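Mind folding the following:
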Amino acid sequence: MEYRPIVIKGLKQNNLKNVSLEIPKNKIVVFTGVSGSGKSSIVFDTIAAESQRQMNETYTAWVRGRLPKYERPQVEYIDNLNPSVVIDQSRLGGNARSTVGTISDMYASLRLLFSRIGTPQIGPASYFSFNNPNGMCKTCAGIGKVLDLDIHKLIDEDKTYEEGIFKLPAFGPDKYYWKLYRRPDLFDVNKKWSELSEEEQNILLYGSRTRDGERIDKRIEGVYNQFKRLCLMKSPEEQNDNTLKKINQYMEEKICPDCMGKRLNPVTLSCKINGFTIVDMCEMEFARLREVLSEITDPRAVSIIETLTASLDRMIDIGLPYLSMNRESATLSGGEAQRLKLVRYMGSSLTGMIYIFDEPSTGMHPRDVHRMSRLLKSLRDKGNTVLVVEHDKDIISIADEVIDVGPLAGKNGGQILFQGSYEALLLSGTLTGNAMKEVIPLKEQPRKPTGFLPVRGANLHNLKNVDVDIPLGVLTVVTGVAGSGKSSLIRDVFAKQYEDKVVLVDQSAVTATGRSTACTYLGFFDEIRKVFAKASGKDASLFSFNSKGACPECKGRGMITTELVFMEPVTTVCECCGGKRYNEEALSCRYRGKNIVDVLDMSVEDAAEFFAENGKIKKYLNALLETGLPYLSLGQPLSTLSGGERQRVKLAKELGSKGNIYVLDEPTTGLHASDIKNIMHLLETIIQRGNTVLVIEHNTDVMKMADYLIDIGPDGGTHGGEVVFTGTPKEMYENGETITAKYLRKN
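As a prediction, the model looks like this:
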C-alpha cells in the first residue's frame, strides 16, 4: 500500500529559507545537520506544532481552552499530516511525591496487587498510597524526608550569649528576643557556647534541661522550638521569597525518623506478599522485581501480574533495568526521562501516528543504542511514521530516509542539502556525510598527570566501596553503561569531596527566572545597555526590560496572563509592545541603526560582528562562539535551551580561569559529529591554561581523544558500582576487557 507523503511548501519558520520537501510516511526518517541548522524548526516547530494545533481544533471550545496553544507555522502549504506524539528530552516535572512508579502507573497496579492478596488485609488500594492520609506516614506526610533546623548553622560556637550566640537577627544583642532569653540565673552569659554544659545548651534551644523535658519558664520556648513553630510550621504561601531564602540557609533535609524514608505508616507496612512489603518491591531494580513477581502463584493476581510484567519487560527492553519504582522522577537524566516517556507508547495499539523523537540516543552507552533502534523499527512496523532528530551514527544508519539540513547554523543554515538513503549520505559530500565517514584515531601521546586526588571507600547509591585516584592536569573521560555509577562517583562523591576545587558544568537549569538570557547570565547585558545609553544620552536603566524600559502593559514580560476562574490561565502576546518587552521611548533609541530589541534578536555570530570594536562585549561573544553556540540569539530565554546548550553557556562563563577542576556531564549532547572535535579542542585549551577536565561521556570519539579513561561497571545498577578499568585509551583498546572497551574497538 502506497502512503501519500507529508507535503511541505514554502516553509520560512525561524531560519528556514523557503523550504519545500516531501517526507515519506511509515518510514524512519532521520533529520541531521549541525546544531541550529533548522532541523527542529522543521520537525518540532512545523510538523509537530501544526499536527497538534489541528488536532486541538477538533475539540470543543471548553476543551481547547484547557489545551496548550500552538502557533500556526510560517508555511505556505502543508498537507497529509497525521496525529503526532512528541517524545522529547524535557525533564519529567513533578514534586517530591513524583516517582518512576507513579509516573509509569506501575505503582497503581502494585497497590492493587497488595490490596487484593497482601496479608494481613488492611483495606483498598488507596491505603497503600503515600499520597493518601490512610497510607502515608503521619510525620513526613508521605514524602519520606523532613526539614529540620541545622543547629550548627545557627550558632556561633566561639561567642558568648552577651556577644550574640545565635546568627538570627532577632536574637542579636539588645534585641527583644535576646533580652527575653538572657537568664544569668539559668546559664552563664559570659561563657562561649562550646563551654556551656549540655543542660545550659538545652535551656537555650528547647526551654528545658533536656530536649523533651518540662519547660522551665512559659516565656522561654527555646530557640529551636520557636524557630520551627514560626518558620517551618507555616505554609509556603504565608512566607515571602526573602523569608524562605533566609530560612533555607539554616535548614537541612533529613530522612524521616519514623518511617525511615519509606513514606508509609506502620499499618500499611505490616501487609506483605511472600515476605515482601510494598516498599521492598518498590526499592527493587526492575530486573529483580520481575523475578519476584513471577514467583507469585495466587490465582486472584494473574491479570495484575501480567500487566505489571508487561510494563517491566518494556522498561528492561528500553535499557532501564537498573531503575526502581521509588526513584524520584526529578533525579532522572534527560535521556532516562525520554525513554520512560517512550514506555507509555510501546504497548499502544494505535497506528497511523507520527512519533517524533529528539536525539533518542542521548545518555545511552553504545551497547544499548541498538535497543533504541529496535524500538524505532517496531513503531514503524506497526504502521507509524517515525521522525528523529539525531547526531548519533548508529541511529542515523538505520534510517529509511535521511534529510540533511544546513550547511551551517543560524542564518548560514535553513536549507535542505540532501535527502536519500544513509549509503547515499556517505557519498553526498555534506558536512554530515563526511563526519559519518571519518574515523577518529586514538590519542598517540596522552599527557602525563601532574598528580592525583584520591577518593576512598565511596559507597553512595550502587557504588561498592570504590577507591580511585583522579588524575590532575589532564583530560579524563569517565565511561560505563547507563546506571553503572559514573555520576554517583564523579558528581555526587568526588565533586562534593573537593568542592572548593571543582567547577561543575552540568545540564541542569541555569536559573529559576524566565527573564534570564545568555547576555544577562554571562553579565554583558550591562555593557550593551551602556553602549545604548552613551549613544542616546539617556539612563542605562531605560534599556532594561526589568527596569525603566519595561512595557507598561506587560511589565517587560512580553506576555499577558489572563486568569480564568474555572479554567487554566491563558497567556497571550502583549498587544501594547507586540512581545518586544520594551516601551516606546526605549525602542526609539538606536545604536548603529539598531534598537535594543534588534540587538537582542541578533545571533551570537552576528553580534560578534556588530560589536567587533567593543572588547568587553566581544570577549563574552567569543566565549559563546568557542563553545559552539554561534546561532543562539542574545535575548533567547535560557529556559528554552536544551540541556546540552545550557551546559555550553555555563562553560562559556567559566572560560579563562586557572587552577580549577572542571566536571562536565556528556558535553557532546546535541552536538553534530563535526562539532565534537571543536568542543574537544576547547577542552584541550582549558587544560593548557592549567586546569583539569573530567568528562562523563558515552561517545567513543571523545574517549579516543582523552588522556586517561576511568571505566565504571561492569554493568548497570546492582551489577555496577566498581572501577573496571583505568588507563590510557590505547591501553583500553589493546587490553581492556570491559563492555566499553569492546565498543571502543568497534568504532
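
and residue 310, how many neighbours?
Using other Cβ atoms under 10 Å, residue 310 is surrounded by 11 other residues. To be clear about C-beta, it is placed using only N, CA and C from the backbone, and glycine gets the same treatment.

How far away from the center of its chain is the strand or helix carrying it?
Assigned by DSSP states H and E, residue 310 belongs to helix 302-317. Put simply, helix 302-317 sits 28 Å off its chain's centre (Cα atoms, centre = their mean, to the nearest Å).

Please enumerate residues in contact with that helix?
104-106, 109-110, 112-113, 116, 286-287, 289-290, 293-294, 296, 321, 323, 343, 346-347, 371, 374-375 (Cβ atoms under 8 Å, 6 or more residues apart in numbering).

Can you mark which positions in it are buried?
Neighbour-count burial for helix 302-317, with 16 or more other Cβ atoms under 10 Å as criterion, is recorded at 304, 305, 307, 308, 311, 312, 314, 315, 316.

and what of stretch 706-725?
706-717, 719-725.

before we move on, the earlier item: for PyMOL, what selects the buried ones among the contacts of helix 302-317?
A single PyMOL command selects the buried members of those (16+ other Cβ under 10 Å):
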select buried, resi 104+106+109+110+112+113+116+286+287+289+290+293+296+321+323+343+346+371+375
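
Out of the contacts of helix 302-317, list just those in helices.
Those of the contacts of helix 302-317 mapping onto helices are 104, 106, 109-110, 112-113, 116, 286-287, 289-290, 293-294, 343, 346, 371, 374-375, per DSSP state H.

residue at max distance from the center of the protein?
residue 185 (55.0 Å; Cα atoms, centre = their mean).

Tell me who's in contact with the residue nearest to residue 255 when sequence neighbours are not counted.
Among residues not flanking residue 255 along the chain, residue 261 sits closest, at 4.5 Å (Cβ to Cβ, 6 or more residues apart in numbering). With contacts defined as Cβ under 8 Å, 6+ apart, residue 261 is in contact with 144, 145, 255.

and residue 261, what element?
Counting by DSSP H and E, residue 261 is part of no helix or strand.

ok, now residue 649?
Judged by DSSP H and E, residue 649 forms part of helix 643-654.

next one: that helix to chain centre, how far?
Distance, centroid of helix 643-654 to centroid of chain: 13 Å (Cα atoms, centre = their mean).

Rounded mean pLDDT for it, please.
Helix 643-654 shows a mean pLDDT of 88.

which stretches of the stretch 101-250 of the chain form strands?
In the stretch 101-250 of the chain, the strands defined using DSSP state E, counting those that start in this stretch lie at 145-149.

Break down it into its helices, ranges please.
Secondary structure of the stretch 101-250 of the chain (DSSP state H, counting those that start in this stretch): helices at 106-117, 151-154, 176-181, 198-206, 223-227, 241-248.

The residue farthest from the centre of the chain and residue 177, how far apart?
18 Å (Cβ to Cβ, to the nearest Å).

try residue 653
41 Å.

same deal with residue 98?
39 Å.

got it, and residue 412?
From residue 412 to residue 177 the distance is 64 Å (Cβ to Cβ).

With residue 610 instead?
57 Å.

Provide a list of residues in contact with the nearest residue in space to residue 193 that is not next to it in sequence.
Spatially, and ignoring its direct neighbours in sequence, residue 193 is nearest to residue 157 (4.6 Å; Cβ to Cβ, 6+ apart). Taking Cβ under 8 Å, 6+ apart, we find residue 157 in contact with 192, 193, 194.

want to throw those into JSON lines with distance to residue 579 and pLDDT?
Output for the contacts of residue 157, formatted as JSON lines (distance: Cβ to Cβ, whole Å; pLDDT from 0 to 100):
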{"residue": "192", "distance to residue 579": "60", "pLDDT": "92"}
{"residue": "193", "distance to residue 579": "56", "pLDDT": "92"}
{"residue": "194", "distance to residue 579": "59", "pLDDT": "89"}
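
which one of these sits closest to residue 31?
Using Cβ to Cβ, residue 193 is the member of the contacts of residue 157 that sits closest to residue 31, with 63.9 Å.

Name the nearest residue to residue 717, sequence neighbours excluded.
According to Cβ to Cβ, 6+ apart, the nearest residue to residue 717 is residue 322 (2.8 Å).

wait, the one you found sits on residue 718?
Yes. If you go by Cβ atoms under 8 Å, residue 322 and residue 718 touch, sitting 7.5 Å apart.

Now for the two: what residues contact both?
285, 462.

could you say which helix or strand contains residue 548?
Counting by DSSP H and E, residue 548 is found in no helix or strand.

Please report the distance of it from residue 78.
Residue 548 is 43 Å from residue 78, by Cβ to Cβ.

The two: which is more packed in?
residue 78 (19 against 16).

ok so the more buried one is a strand residue?
Yes. According to DSSP: H, G, I helix; E, B strand; the rest coil, residue 78 belongs to a strand.

wait, what's in contact with it?
6, 7, 8, 9, 11, 46, 47, 50.

what about 10 Å?
6, 7, 8, 9, 10, 11, 46, 47, 50, 51, 54, 72 (Cβ atoms under 10 Å, 6 or more residues apart in numbering).

who's it bridged to?
residue 8 (DSSP bridges).

hey, where'd the strands end up in the stretch 401-550 of the chain?
Under DSSP E, counting those that start in this stretch, the stretch 401-550 of the chain gives strands at 401-406, 415-420, 451-458, 466-472, 475-479, 502-505.

Strand partners (parallel or antiparallel) of the second one?
Its sheet considered, strand 415-420 pairs with strand 401-406 (antiparallel) by DSSP bridges.

Okay, now the unreliable bits of the stretch 451-600 of the chain?
Along the stretch 451-600 of the chain, segments meeting pLDDT under 70 span 511-514, 562-571.

make it 80
508-515, 561-572 (pLDDT under 80).

What are the boundaries of the helices in it?
With DSSP H, counting those that start in this stretch as the criterion, the stretch 451-600 of the chain has helices spanning 486-487, 495-497, 518-522, 525-536, 584-588, 596-600.

Residue 662 is nearest to which of those helices?
From the helices of the stretch 451-600 of the chain, taking Cβ to Cβ, the stretch that ends up closest is helix 495-497, at 10.4 Å.

can you list contacts of that closest one?
Under Cβ under 10 Å, 6+ apart, the answer for helix 495-497 is 453-456, 458, 460, 470, 487, 489, 501-504, 506, 661, 663, 694.

what about 6 Å?
502, 504, 663 (Cβ atoms under 6 Å, 6 or more residues apart in numbering).

Kindly reformat those as JSON lines containing distance to residue 28 and neighbour count.
Converted to JSON lines, those look like this (distance: Cβ to Cβ, whole Å; neighbours: other Cβ atoms under 10 Å):
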{"residue": "502", "distance to residue 28": "41", "neighbour count": "20"}
{"residue": "504", "distance to residue 28": "37", "neighbour count": "18"}
{"residue": "663", "distance to residue 28": "35", "neighbour count": "24"}
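
Out of the residues you listed, which comes closest to residue 66?
Out of the contacts of helix 495-497, the member with the shortest distance to residue 66 (by Cβ to Cβ) is residue 504, at 39.1 Å.

what bridges to the closest one?
residue 663.

That one touches residue 662, doesn't it?
No. Between residue 504 and residue 662 there is no contact, the gap being 8.3 Å when judged by Cβ atoms under 6 Å.
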